[in-house]
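> this is a predicted model, with the sequence first.
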Amino acid sequence: MQNFTYYTPTRVVFGKGEVERVGELLRAEGARKVLIHYGGESARRSGLLERVERAVKDQGIDFVSLGGVVPNPRLSKVREGITLARAEGVDFILAVGGGSVIDSAKAIGYGIPYEGDVWDFYSGTAQPERVCPVGAVLTLSAAGSEMSNSSVISDEENGLKWGLNNDICRCRFAVMDPELTYTLPPYQTACGVVDILMHTMERYFTHEKDTALTDELAEGLMRTVMDCGRKALRDPKDYNARAQIMWAGSLSHNGLTGCGTVGDWASHRMEHELSALFDVAHGAGLAAIWGSWARYVYREEPERFAQFAVKVMGCPNDFRDPEKTALAGIEAMEQYYREIGMPTSVRELGHDLNESEIQLLAEKCARRNPNLGGFKTLSQDDMIQIFRMAR
Ligand code: NZQ
Ligand code: ZN
């Protein structure tokens, strides 16, 4: 087991009706002028924005609003937010939405106190030292940005989708009311389920030994999410299923299921190239790639994949042939993806990858991520093979 630092400073306020407490939470943070940041129409249509605005006003806190964040959030919107926030004297950013809105809010938070261009932090040419604080009202269980230290932004002009990980920009609080996710379309619910599973799987496929507790937490989380994913798709207003998924979304990406392990993250980084090129939903992109990645790397340690097959997917254990058990587990996970309406190839995502696109995806990914992959380190050529398999 590796040494680790577990740091999760976000105050979680979870459950029915907790949205009404957002004003009080902002007051406790000392907020005087808030930027309420949101996406398209979903938060307005459901009445959520109005509830949030009322709760903020009731505390005598001033606010300004900026909507229009799109999935795979854009750098141009971030720049717009920075300009607006500076002009208005904003001292706190409240994200009302899913991962894209929270990531955009974090980026604005990085940009406000910085004299240069905020993209410097994402490209790695500068390190952030100060941020304008961010809080979240979560409407989609998926990315885990409400408790993670990440923000992923797309530079749409240059076709880049890059992440920034830094502990100084964790949400101060996250309001999580599972009822807010009742209005999610089935496709988004399923994308979220995949992303949550993947945040734990990226940490689970490791060669680290003696991680019994972390393994059990990860396996329990994955089984719960799969089970509740089915239930939420059957009945979108199943509170308990929505609640388990929502909590799992945060725990899956706040570091808990990776304590003591070395994460892999190849599927994620390769998916980010796919969504940079084709603007696909992140969870669907992950589902399209994962099986190919898994079949390409499982021989590095078939026993680990066999453990996943048995303890997560419920496959019978063939002790004499761990490779067979491993492959059965990969097939079972892909079967689950199909069951919840997710693609298991890029073609099913709606794109027929040609050879030059494959070369481009791999080239960009390898340039951004030399030595990618904790379970198997991938060269550019390995990435080409995986993208071909995922075609
Ligand atoms: O724009 P609106 O109208 O709100 O619609 C959104 C959007 O179209 C809709 N939606 C959200 N809540 C809803 C709802 N529709 C109905 N009812 C609700 N309650 O859902 C659509 C997708 O939203 P988005 O925020 O894009 O989804 P998600 O939360 O999956 O976030 C995806 C982004 O997060 C990044 C991904 O790469 C992607 O850019 N990630 C961020 C991470 C992080 N910061 O830690 C880690 C992840 O691995 C991931 O990379
Ligand atoms: Zn993800």
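Looks like it arrived, so ask away. All of these numbers come straight from a predicted model, not from anything done at the bench. Ligands and ions are numbered 1, 2, ... in the order given.

> flag every residue of the chain that's near ligand 1.
Proximity of the chain to ligand 1, by CB under 6 Å from any ligand atom, involves residues 39-43, 71-72, 97-101, 103, 139-140, 142-145, 148, 150-152, 180-181, 183-184, 188, 191-192, 195, 253, 268, 282-283. For every residue, glycine as well, the C-beta is placed using N, CA and C.

> show me those residues that map onto strands.
In this view, the residues of the chain next to ligand 1 that belong to strands under DSSP state E are 97, 150-152.

> report the buried members of those.
For these, a burial check counting by 16 or more other CB atoms under 10 Å picks out 97, 150-152.

> which two in these are spaced the farthest apart?
Taking CB to CB as the measure, these span a maximum distance of 15.8 Å, between 97 and 150.

> ok, residue 58 to ligand 1 distance?
23 Å (CB to the nearest ligand atom, to the nearest Å).

> check contacts around that residue.
Residues near residue 58 by CB atoms under 8 Å, 6 or more residues apart in numbering: residue 23.

> cool, residue 153 as well?
73-75, 78, 103-104, 107, 119, 122, 161-164.

> closest to ligand 1 out of the buried ones among the ones in strands among the residues of the chain next to ligand 1?
Nearest to ligand 1, judged by CB to the nearest ligand atom, of these is residue 150 at 3.5 Å.

> report the buried residues of the helix or strand hosting residue 220.
Secondary structure from DSSP states H and E places residue 220 in helix 212-234. Across helix 212-234, burial judged by 16+ other CB under 10 Å covers 214-215, 217-219, 221-222, 224-226, 228-229, 232-233.

> list the contacts for the residue nearest in space to the middle of the chain?
Centroid check for the chain by CA atoms, centre = their mean gives residue 143 as the closest residue, at 2.2 Å. Applying CB under 8 Å, 6+ apart to residue 143 gives the contacts 98-100, 102-103, 195, 249, 253, 282.

> can you put these in TSV and add pLDDT and distance to residue 237?
TSV is the format used below for these (pLDDT from 0 to 100; distance: CB to CB, whole Å):
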residue	pLDDT	distance to residue 237
98	98	19
99	98	22
100	98	24
102	98	24
103	98	28
195	98	22
249	98	18
253	98	25
282	98	25
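
> with respect to residue 384, which of the residues you listed is nearest?
residue 282 (21.8 Å).

> contacting residues around that closest one?
71-72, 99, 142-143, 191, 195, 271-272, 275.

> dump these into JSON lines; add distance to residue 25 as well.
Shown next, in JSON lines, are those (distance: CB to CB, whole Å):
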{"residue": "71", "distance to residue 25": "26"}
{"residue": "72", "distance to residue 25": "28"}
{"residue": "99", "distance to residue 25": "20"}
{"residue": "142", "distance to residue 25": "22"}
{"residue": "143", "distance to residue 25": "21"}
{"residue": "191", "distance to residue 25": "28"}
{"residue": "195", "distance to residue 25": "26"}
{"residue": "271", "distance to residue 25": "33"}
{"residue": "272", "distance to residue 25": "31"}
{"residue": "275", "distance to residue 25": "32"}
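
> what's the offset of stretch 95-112 from the middle of its chain?
13 Å (CA atoms, centre = their mean, to the nearest Å).

> export it as CSV, just CAs?
Output of stretch 95-112 as CSV, limited to C-alpha atoms (Å, rounded to 0.1, in the frame of the first residue of the first chain):
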residue,chain,number,x,y,z
ALA,A,95,-22.2,26.8,-9.7
VAL,A,96,-25.7,25.5,-10.3
GLY,A,97,-25.5,22.4,-12.5
GLY,A,98,-23.4,19.4,-13.4
GLY,A,99,-19.7,18.8,-13.9
SER,A,100,-19.5,21.3,-16.8
VAL,A,101,-20.9,24.2,-14.9
ILE,A,102,-18.8,23.4,-11.8
ASP,A,103,-15.6,23.1,-13.9
SER,A,104,-16.4,26.4,-15.7
ALA,A,105,-17.0,28.0,-12.3
LYS,A,106,-13.7,26.7,-11.0
ALA,A,107,-11.9,28.1,-14.1
ILE,A,108,-13.5,31.5,-13.5
GLY,A,109,-12.4,31.2,-9.9
TYR,A,110,-8.8,30.7,-11.1
GLY,A,111,-9.0,33.5,-13.6
ILE,A,112,-10.4,36.3,-11.5
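
> what comes up buried for that stretch?
For stretch 95-112, by 16+ other CB under 10 Å, it's 95-112.

> all helices for the stretch 201-350 of the chain, in order.
212-234, 239-253, 266-278, 282-297, 302-311, 322-339 (DSSP state H, counting those that start in this stretch).

> residues making contact with stretch 312-331?
So stretch 312-331 is contacted by 219, 222-223, 226, 291, 294-295, 298-299, 302-306, 308-310, 332-333, 336 (CB under 8 Å, 6+ apart).

> could you tell me which of the residues you listed count as buried?
Neighbour counting by 16+ other CB under 10 Å classes 219, 222, 226, 291, 294-295, 298, 302, 304-306, 308-310, 333, 336 among the contacts of stretch 312-331 as buried.

> which of those sits closest to residue 171?
residue 222 (24.1 Å).

> who's the closest spatial neighbour of the closest one, skipping the chain neighbours?
Distances taken as CB to CB, 6 or more residues apart in numbering place residue 312 nearest to residue 222, at 4.8 Å, with adjacent residues excluded.

> can you give me the neighbour number for that neighbour?
23 (other CB atoms under 10 Å).

> cool, and residue 9?
Residue 9 has 12 nearby residues by other CB under 10 Å.

> for residue 66, phi and psi?
The phi/psi pair for residue 66 (degrees, to the nearest 10) reads phi -140, psi 110.

> how about the one 3 residues further on?
The phi/psi pair for residue 69 (degrees, to the nearest 10) reads phi -70, psi 130.

> re earlier: so can I have TSV of the contacts of residue 153 showing secondary structure and distance to residue 173?
Shown next, in TSV, are the contacts of residue 153 (DSSP: H, G, I helix; E, B strand; the rest coil; distance: CB to CB, whole Å):
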residue	secondary structure	distance to residue 173
73	coil	21
74	strand	26
75	helix	26
78	helix	21
103	helix	17
104	helix	18
107	helix	19
119	helix	27
122	helix	25
161	strand	27
162	strand	26
163	strand	22
164	strand	21
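
> sweet, I'm off.
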